[in-house]
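Student: show me the folded form of this:
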Amino acid sequence: MTSSSTPAPASHGAPQPLQPLRPLRRLTARGRDEAHRVASPLELFFDLCFVVAIAQAGVELVHAVAAGHAGGGVLNYAMQFFAIWWAWMNFTWFSSAYDNDDALYRVVTLVQIAGVLVLAAGISQAFTVHDYLVVWLGYVIMRLAMATQWLRAARWAEGAERTMALRYAGGVLLCMVGWLGLVLLPEHARAWVFLVMAIAEMCVPLYAEKDCTTSWHPHHIAERFGLFTIIVLGETISAATVAVKSAVAEHDALGELLPIAAGGLLIVFSAWWIYFVVPISGHLRSNRQSFLWGYGHYLIFAAAASIGAGLEVAVEEAVGKAHISTVAASAAVTLPTALYLLTVWALHSRHFKIGIAQQLVLPVTALLVICCTFLGAWAVPAAGVVSALAVATGTTLTAHTARPGRPADTTAAAS
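Tutor: Here you go, the predicted structure:
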């Protein structure tokens with residue numbers, strides 16, 4: 001069975017039975033204007049497995065913050081989330097341009113999935129004893145598979161496109177070696193290794209595509225990023241639900257936890273609404289725009305996942321299991337929520353705003369959410385109400401702009 005991303009053969013005259021596709025096919029670029037391009041079952045499976053690793057990082061972040069080690073926990077989370085996100089994004093962009101869905105492509109993709117599961121298995125060691133060997137090994141597996149895909153693409157390409165594919169493969173392999181510093185260098189140097197290597201990784205696409213660009217599909221890319229956002233937000237709800245269930249079972253504190261649960265739901269529902277209210281694919285016209293948009297999703301995805309971790313911390317603090325203050329526990333929710341709002345506005349929705357009032361909705365909401373941090377036990381529900389009011393305000397402003405007699409813009413954001 002082939003994925004939904006594989007175009008069916010054209011028929012001429014009377015309907016013809018579908019011919020079986022060869023298990024190995026040329027890995028050549030797909031068209032950027034290809035009609036009906038959607039995410040394949042393999043891509044959806046890929047996303048789901050990568051979110052498993054994000055969930056593991058979130059669990060360790062909760063433990064670190066609840067124990068009063070927020071600084072180290074956030075740094076470890078940022079480092080490991082980058083490895084997961086970067087491998088995911090590299091595959092997403094490659095598959096948008098080159099997915100031929102043959103047997104070898106599928107096998108190499110499954111190897112990448114195995115790599116992220118190995119990485120997920122090492123996350124706990126990286127957090128607790130700062131041992132990055134298993135994390136590095138999982139990353140190596142993913143990156144070797146990615147380099148293999150680029151070398152395969154280079155085999156069938158010519159001229160500038162072949163040079164681009166070889167640059168990608170070489171850059172991936174060189175960076176993979178550089179990450180070995182996390183294993184070999186002293187602990188105090190690892191933050192600098194991460195900073196240098198993260199910058200080096202993000203420079204690879206800029207260098208590889210300076211003379212020739214990949215034929216990524218705007219609608220496909222927008223859909224892939226949107227689907228991953230949905231899965232991350234779903235994981236956030238799942239983590240918060242488990243935390244509330246455990247707290248109720250162990251401490252019978254339903255009265256203290258219901259406001260947190262309600263506020264968390266409002267935050268996540270608002271986060272979904274704000275992200276999907278505009279069709280971003282029309283904005284992705286060039287590599288310059290798409291690279292900035294894609295790189296910025298590191299903050300969007302990390303913030304969305306951190307909201308779930310923050311809700312777990314707030315629940316633990318409410319039942320007396322966390323060794324931090326109420327303000328600190330509230331900040332674990334409000335700060336990632338504010339970061340999410342600001343980054344979605346900066347990268348996504350501001351391009352569709354009309355007038356200063358619409359432009360200010362999300363930045364002002366982010367500021368108000370931060371202010372909610374100091375409301376004690378009501379911080380999370382207050383942040384949820386503020387987020388929901390932002391959606392209502394944006395929707396009202398859009399409806400007002402689109403009234404008869406006023407200039408209308410059908411793509412204006414509703415929040």
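Student: strands along the stretch 1-150 of the chain, start to end?
Tutor: Ranges of strands in the stretch 1-150 of the chain, per DSSP state E, counting those that start in this stretch: none exist.
Student: which stretches of it have low pLDDT?
Tutor: By pLDDT under 70, the weakly predicted segments of the stretch 1-150 of the chain are 1-21.
Student: again, only using 80
Tutor: 1-22, 32, 36 (pLDDT under 80).
Student: helices along that one, start to end?
Tutor: 41-66, 70-98, 103-128, 133-156 (DSSP state H, counting those that start in this stretch).
Student: in TSV, list these along with mean neighbour count.
Tutor: Every C-beta, even on glycine, is put in place using the N, C-alpha and C of the backbone. Output for the helices of the stretch 1-150 of the chain, formatted as TSV (neighbours: other C-beta atoms under 10 Å):
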stretch	mean neighbour count
helix 41-66	21
helix 70-98	21
helix 103-128	19
helix 133-156	20
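Student: dump the ones you listed into TSV; add distance to residue 210 as well.
Tutor: Converted to TSV, the helices of the stretch 1-150 of the chain look like this (distance: least, C-beta to C-beta, whole Å):
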stretch	distance to residue 210
helix 41-66	27
helix 70-98	16
helix 103-128	26
helix 133-156	16
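Student: quick one: closest of those helices to residue 272.
Tutor: The minimum distance between residue 272 and the helices of the stretch 1-150 of the chain falls on helix 41-66, with 15.5 Å, by C-beta to C-beta.
Student: helices and strands around the closest one, which ones?
Tutor: Secondary-structure packing of helix 41-66 (3 or more C-beta pairs under 8 Å, 6 or more residues apart in numbering; DSSP states H and E): helix 70-98, helix 103-128, helix 218-251, helix 287-318.
Student: chain center to the last one, what's the gap?
Tutor: Read it as helix 287-318. 7 Å (C-alpha atoms, centre = their mean, to the nearest Å).
Student: and it, what's its mean pLDDT?
Tutor: Helix 287-318 shows a mean pLDDT of 89.
Student: what residues sit buried inside that helix?
Tutor: Residues of helix 287-318 classed as buried by neighbour count (16 or more other C-beta atoms under 10 Å): 287, 290-291, 293-294, 297-318.
Student: tell me the centre residue of this protein?
Tutor: residue 301 (3.5 Å; C-alpha atoms, centre = their mean).
Student: quick check: that residue touching residue 228?
Tutor: Yes: under the criterion of C-beta atoms under 8 Å, residue 301 makes contact with residue 228 at 6.9 Å.
Student: overlap in contacts of the two?
Tutor: By C-beta atoms under 8 Å, 6 or more residues apart in numbering, residue 301 and residue 228 have no common neighbours.
Student: so how far is residue 60 from residue 189?
Tutor: 21 Å (C-beta to C-beta, to the nearest Å).
Student: typo on my end, residue 259
Tutor: When residue 259 is compared with residue 60 (using C-beta to C-beta), they lie 26 Å apart.
Student: counting by contacts, list what the host helix or strand of residue 160 packs against.
Tutor: If you go by DSSP states H and E, residue 160 is part of helix 159-178. Counting contacts by 3+ C-beta pairs under 8 Å, 6+ apart, helix 159-178 is packed against helix 133-156, helix 190-208.
Student: just the residues contacting that helix, thanks.
Tutor: 29, 90, 139-140, 143-144, 146-147, 150-151, 153-154, 157, 193, 196-197, 200-201, 203-205, 207-209, 211-214.
Student: check the offset of that helix from the chain's centre.
Tutor: With C-alpha atoms, centre = their mean, you get 24 Å for helix 159-178.
Student: alpha carbons of that helix, in CSV - could you do that?
Tutor: Taking Å, rounded to 0.1, in the frame of the first residue of the first chain, the C-alpha atoms of helix 159-178 are listed here in CSV:
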residue,chain,number,x,y,z
GLY,A,159,24.3,20.3,-11.7
ALA,A,160,23.4,22.8,-8.9
GLU,A,161,20.8,20.4,-7.4
ARG,A,162,23.4,17.7,-7.0
THR,A,163,25.8,20.1,-5.4
MET,A,164,23.1,21.2,-3.0
ALA,A,165,22.3,17.6,-2.0
LEU,A,166,26.0,16.9,-1.4
ARG,A,167,26.4,20.0,0.7
TYR,A,168,23.4,18.9,2.8
ALA,A,169,24.9,15.4,3.3
GLY,A,170,28.4,16.8,4.1
GLY,A,171,27.0,19.4,6.5
VAL,A,172,24.9,16.8,8.4
LEU,A,173,27.9,14.5,8.8
LEU,A,174,30.3,17.2,10.0
CYS,A,175,27.8,18.5,12.5
MET,A,176,27.1,15.0,13.8
VAL,A,177,30.8,14.8,14.7
GLY,A,178,30.7,18.2,16.4
